[in-house]
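**Student:** Predicted model, plus sequence, below.
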Amino acid sequence: MKGQIRAIIHNDKKEILIKIEKYNELNELPHNIQRKRQKKINNNKSLWLVEEDFCFIFKNNLISKLNIFFGKNNNNNINQYDYFINEIIYKKSGVFITRPIDSRQLLPCEYIQEPYNPKNLPVKKFFLDLYYDDFGTYRTVYHSLGGVYLQFENMPFHQRKLLKNHFIIGFVPFGATFSEFIQPFLRDIKKLEKGILMKINSEEYLITSGLGVITADLPQGNDLCGVKRHGANHECRNYFVPRESLSDNNYDHLQNTRYLQQIKNL
């Protein structure tokens, strides 16, 4: 069996298990896909990613590492890799179909770089939660003022819910946009992502941080996500589903997921 490690977990017996995303060979594919691909495949280096096909193994069952290229093989790189994966197989309306491997959802380790740490210092990581909501500033006339707050998700829940642990970044003034207001904060976050040196109790640490969660009320959440309100043509937050296709059971939502935008931007 061939595959990629997706997670390391504990079972009920506190044993370490490896969650594997399986990569199938031609003879392991569904019959309808197998028949279509038999004539096109002229080497034994092709594999297929079958979506939601996972298995769990013990770490002692791991044998060796493979070099797998996600994309079409050509004469230039055919000897550099052990296998090639060009397609994802998934089920829609009870039938197995394919889509290009470019549309797979990347693991964080595939696009996040660890900060440079030449001195091998101990690392402290902070998980940040940004909260944004509008509120009225006057009693009789509604003028919305945007409040932006910050929380540290490393704290236990009983500390996070305390008012003293909600830190005010500032208020979005009348006539200004959130994107303009948040730019200085984003510049600071980008510096923190690369890591800064800090002394804690006379010991030097590398401090890193990242914006992991953004919490917002419904209208503000729509604005932050770049999604229009409920009357828009594409009102779904997760898929590019036109309004006229919302009730179409045959619409292929996996071909139009919004995370494809993120992959292209990366």
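**Tutor:** Thanks, I have the structure now. Numbering: from 1, shown residues only.

**Student:** residue ranges with poor pLDDT in the protein?
**Tutor:** Screening the chain residue by residue with the criterion pLDDT under 70, one finds the ranges 39-43, 73-78, 139-142, 226-243, 246, 253-266.

**Student:** Need the single longest helix in this structure, by residues.
**Tutor:** The longest helix of the chain (DSSP state H) is helix 183-194.

**Student:** Restricting to C-alpha, output it in CSV.
**Tutor:** As requested, C-alpha coordinates have been extracted for helix 183-194 and formatted as CSV (Å, rounded to 0.1, in the frame of the first residue of the first chain):
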residue,chain,number,x,y,z
GLN,A,183,-3.1,46.9,7.3
PRO,A,184,-0.7,47.9,10.2
PHE,A,185,-1.9,44.9,12.2
LEU,A,186,-1.2,42.6,9.2
ARG,A,187,2.3,44.0,8.8
ASP,A,188,3.0,43.2,12.4
ILE,A,189,1.6,39.7,12.0
LYS,A,190,3.8,39.0,9.0
LYS,A,191,6.9,40.0,11.1
LEU,A,192,5.7,37.6,13.9
GLU,A,193,5.3,34.8,11.4
LYS,A,194,9.0,35.0,10.6
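
**Student:** Not counting its own residues, what contacts the helix or strand just after it?
**Tutor:** Past helix 183-194, heading to the C-terminal end, the next element that is a helix or strand (DSSP states H and E) is strand 196-200. The contact list for strand 196-200 (C-beta atoms under 8 Å, 6 or more residues apart in numbering) reads L121, K124, E204, Y205, L206, I207, T208. From N, CA and C alone the C-beta is placed, and that goes for glycine too.

**Student:** If burial is judged by neighbour count, which of those pass?
**Tutor:** For the contacts of strand 196-200, a neighbour count by 16 or more other C-beta atoms under 10 Å gives the buried set as Y205, L206, I207, T208.
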